[in-house]
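Asker: Sequence first, predicted model second:
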There are 2 protein chains.
Amino acid sequence: MTDPRTELARSDIENFHAVALELADEARSIIRTMLGTGFNVVRKPDGSFVTGADFRVEERLRELIEKRFPGHGILGEEYAPRFPDAPFQWILDPIDGTEEFVQRLPTFGSIIALHYRGLPVAGVIDHPVLEMRVSAAYGLGTYRDGSRVRLTDSDPATVSGSERVVLSARANFVRHRDHGRYFDAITRTFPNHRIYRSCFNHTCAVIGAADGAVDYDNRIWDIAASRILIEEAGGMFVTVREDDLPGVGRLYGTVFGKPAIVDRLVTLLK
Amino acid sequence: MTDPRTELARSDIENFHAVALELADEARSIIRTMLGTGFNVVRKPDGSFVTGADFRVEERLRELIEKRFPGHGILGEEYAPRFPDAPFQWILDPIDGTEEFVQRLPTFGSIIALHYRGLPVAGVIDHPVLEMRVSAAYGLGTYRDGSRVRLTDSDPATVSGSERVVLSARANFVRHRDHGRYFDAITRTFPNHRIYRSCFNHTCAVIGAADGAVDYDNRIWDIAASRILIEEAGGMFVTVREDDLPGVGRLYGTVFGKPAIVDRLVTLLK
């Protein structure tokens, strides 16, 4: 089967990438303003936090997308899907790492992606406080704050366990099912790990500051930008697990980064 | 035995705190300049990184301390101790989290502390890229960027395991001896953990963004500022292990943060 993205004109892809960056600008501006003025914080039924800023950012991005691309679908963390069967789908996590945002730790971020027939066309992860951003589009490469990013693979023969791996907290591996053994296997094999938070973990892998990354039992909006960001940088992205859990929804287990490290991590998750 | 710090005049303590802040300003300025101009990176015999910036910052801080307090001792990560028997000891880690610094991840920082007869009088952790700083002095309180920090304890009866705990990577628990079981116990009991890096972990605990922290098998300069920062904020700091390993030197295992969480963490490390 041909990759459906080859149907898209380069000028359209450039435009999608430019719009994704505009959306990230808008999200950053709202978030920085609300960090100054303050915001409400409530707990969702699943125990996670949500703030007035999450809602405000997603509302505004939806408005902008509906105006630019009236026929496109939108799937966001905080509101109901729009046109779930449309070929183009914008996937939004207005604030990923809301716990960090609430604590005013700067590693949270906004995730914005456009998928076409299930495959990513453009993606942005933006860290408003760090003023740090990665973006990519199909065939156009990956950028960190506008400069091209190219990952250099590790030599598979010299993988020693001292490589830098970022992963989800153990909470992700045990929240919905008893998969703590995978957390244990990864942290034992790669003891030089960091655990930031979904989107900052991903940014570290995209820029090569981490050699490999594991994001476990997360939602589509957590990972929607990362495949295009990694692949356009020359790295590898593997979905090792994709399960529909009753009462929970679809959860993804993904591994990505430098191919030699991804290979080892995928083995640990088998 | 009386706390020897009660011998010190308040005006002297205020002066020590002010000088520690000046040293942090100087370190921040050098680090930000060198991030712009670039720096050499080499591996130390133990495999860890050191950069031209580590040396430059420590040299400059030593110069300033020697000028201000000619009789004080200085213990820094990169150079030989000065006056190791003096009652006042400045303890310096010019760049803690050098791996992060090399990767240009913003969670590294400078650690500056003054101890008097073995007890901390003043301490600063400064994050130059985040423009974030915590500081404290004996009897004067703890400050985040100049604003007073006061930790609120958790209720011991409601400690559920969902609290936020920051800890060292597993590498710290297994590098010198086989203490991985402590890493496993902490990550199982408190699955909502983060693993940043020594000094950013500490900052999170000081400002209450983490409820508890464990720093395992680290050196005196990694933890020298943290006890005064935590205690002056109303938290608890416990040294659970202090061992001289042949060929390695003295290593500290420390637990700190909100007292109810510290109690639970100390139990896990027994």
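Answerer: Happy to help now that I have it. Numbers count the residues shown, from 1 in each chain, chains lettered A, B, ... in the order given.
Asker: interface residues of the stretch 151-270 of chain A facing chain B?
Answerer: Counting by C-beta under 8 Å from any C-beta of the partner chain, the stretch 151-270 of chain A comes close to chain B at A:162, A:164, A:169-171, A:173-174, A:180, A:183-184, A:187-188, A:191-197, A:204, A:207-209. From N, CA and C alone the C-beta is placed, and that goes for glycine too.
Asker: again, only this time at 6 Å
Answerer: A:Ala169, A:Arg170, A:Ala171, A:Val174, A:Thr187, A:Pro191, A:Asn192, A:His193, A:Arg194, A:Ile195, A:Ala209 (C-beta under 6 Å from any C-beta of the partner chain).
Asker: burial count for the last one?
Answerer: Just to be clear, that refers to A:Ala209. Residues lying near A:Ala209 (other C-beta atoms under 10 Å in any protein chain shown) number 18.
Asker: pretty sure it contacts B:Pro106?
Answerer: No. The pair A:Ala209 and B:Pro106 fails to qualify as a contact (C-beta atoms under 6 Å) at a distance of 10.6 Å.
Asker: where does A:Ile220 fall, phi/psi-wise?
Answerer: phi -60, psi -40 (degrees, to the nearest 10).
Asker: Could you pull out the strands in the stretch 151-270 of chain A for me?
Answerer: Here the stretch 151-270 of chain A has its strands, by DSSP state E, counting those that start in this stretch, at A:165-167, A:193-194, A:212-218, A:236-245, A:249-257.
Asker: Tabulate those strands (a markdown table), appending mean neighbour count.
Answerer: Converted to a markdown table, the strands of the stretch 151-270 of chain A look like this (neighbours: other C-beta atoms under 10 Å in any protein chain shown):
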| stretch | mean neighbour count |
| --- | --- |
| strand A:165-167 | 27 |
| strand A:193-194 | 22 |
| strand A:212-218 | 25 |
| strand A:236-245 | 14 |
| strand A:249-257 | 22 |
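Asker: helix or strand for A:Ser110, which one?
Answerer: Assigned by DSSP states H and E, A:Ser110 belongs to strand A:109-116.
Asker: now check that strand, is it near chain B?
Answerer: No. For strand A:109-116, no contact with chain B is found by C-beta under 6 Å from any C-beta; the gap never falls below 12.9 Å.
Asker: From the rest of the structure, what touches that strand?
Answerer: A:5, A:16, A:20, A:23-24, A:27, A:87-94, A:96, A:120-127, A:199, A:224-225 (C-beta atoms under 6 Å, 6 or more residues apart in numbering or on different chains).
Asker: Strands - which of those land there?
Answerer: Among those, the ones falling in strands (DSSP state E) are A:88-94, A:96, A:120-127.
Asker: now, among those residues, which is nearest to chain B?
Answerer: Distance to chain B across those (C-beta to the nearest C-beta) is lowest for A:His127, with 9.3 Å.
Asker: Next one, pLDDT for the residue nearest the centre of chain A please.
Answerer: Nearest to the mean C-alpha position of chain A, by C-alpha atoms, centre = their mean, lies A:Ile223 at 3.6 Å. At A:Ile223, the pLDDT value in this model is 96.
Asker: That one: what's it in contact with?
Answerer: The contact partners of A:Ile223, taken as C-beta under 6 Å, 6+ apart, are A:Asp215, A:Tyr252, A:Thr254.
Asker: Would you mind giving me the confidence score for the second one?
Answerer: I take that to be A:Tyr252. Value for A:Tyr252, per-residue pLDDT: 97.
Asker: Quick check: it touching A:Asp243?
Answerer: No. Using C-beta under 6 Å, A:Tyr252 is not in contact with A:Asp243; the gap is 8.4 Å.
Asker: Any regions of chain A where pLDDT drops low?
Answerer: For chain A, applying pLDDT under 70 flags no range at all.
Asker: And the helices in it, which stretches?
Answerer: Counting by DSSP state H, one finds helices in chain A at the ranges A:10-37, A:52-68, A:98-102, A:170-174, A:180-189, A:198-206, A:220-223, A:226-232, A:259-268.
Asker: Mind listing what's buried along the third one?
Answerer: Just to be clear, that refers to helix A:98-102. Neighbour counts using 16 or more other C-beta atoms under 10 Å in any protein chain shown place A:Thr98, A:Glu100, A:Phe101, A:Val102 of helix A:98-102 among the buried residues.
Asker: nearest to B:Phe49, of those?
Answerer: Lowest distance from B:Phe49 to the buried residues of helix A:98-102 (C-beta to C-beta) belongs to A:Glu100, with 26.2 Å.
Asker: That closest one touches A:Phe108, doesn't it?
Answerer: Yes. When contacts are counted by C-beta under 6 Å, A:Glu100 is listed as touching A:Phe108 (4.3 Å).
Asker: about what we covered before: near chain B, from the ones in strands among the contacts of strand A:109-116?
Answerer: Among the ones in strands among the contacts of strand A:109-116, chain B is touched by none when using C-beta under 6 Å from any C-beta.
Asker: Looking at those, spot the one nearest B:Arg32.
Answerer: Nearest to B:Arg32 among the ones in strands among the contacts of strand A:109-116: A:His127, at 18.4 Å, using C-beta to C-beta.
Asker: Not counting sequence-adjacent ones, nearest residue to the closest one?
Answerer: Excluding its sequence neighbours, the residue lying closest to A:His127 (C-beta to C-beta, 6 or more residues apart in numbering or on different chains) is A:Gly109, at 4.4 Å.
Asker: My understanding was that A:Gln40 contacts A:Val50; is that so?
Answerer: Slight slip there: residue A:40 is Asn, not Gln. No. If you go by C-beta under 6 Å, A:Asn40 and A:Val50 don't touch, sitting 9.1 Å apart.
Asker: quick revisit: in the ones in strands among the contacts of strand A:109-116, find the pair that's most separated.
Answerer: Among those, A:Phe88 and A:His127 lie farthest apart (C-beta to C-beta), at 25.9 Å.
Asker: Tell me which of the two has more neighbours.
Answerer: Shown here are A:Phe88 and A:His127; by other C-beta under 10 Å, A:His127 has more neighbours (23 against 18).
Asker: gap between A:Phe108 and B:Leu140?
Answerer: 32 Å (C-beta to C-beta, to the nearest Å).
Asker: Pick out whichever of the two has more residues nearby.
Answerer: Between A:Phe108 and B:Leu140, A:Phe108 has the larger neighbour count (other C-beta under 10 Å), namely 26 against 18.
Asker: Around the nearest residue to that one once chain neighbours are set aside, how many other residues sit close by?
Answerer: Excluding its sequence neighbours, the residue lying closest to A:Phe108 (C-beta to C-beta, 6+ apart) is A:Gly97, at 3.5 Å. Using other C-beta under 10 Å, A:Gly97 is surrounded by 25 other residues.
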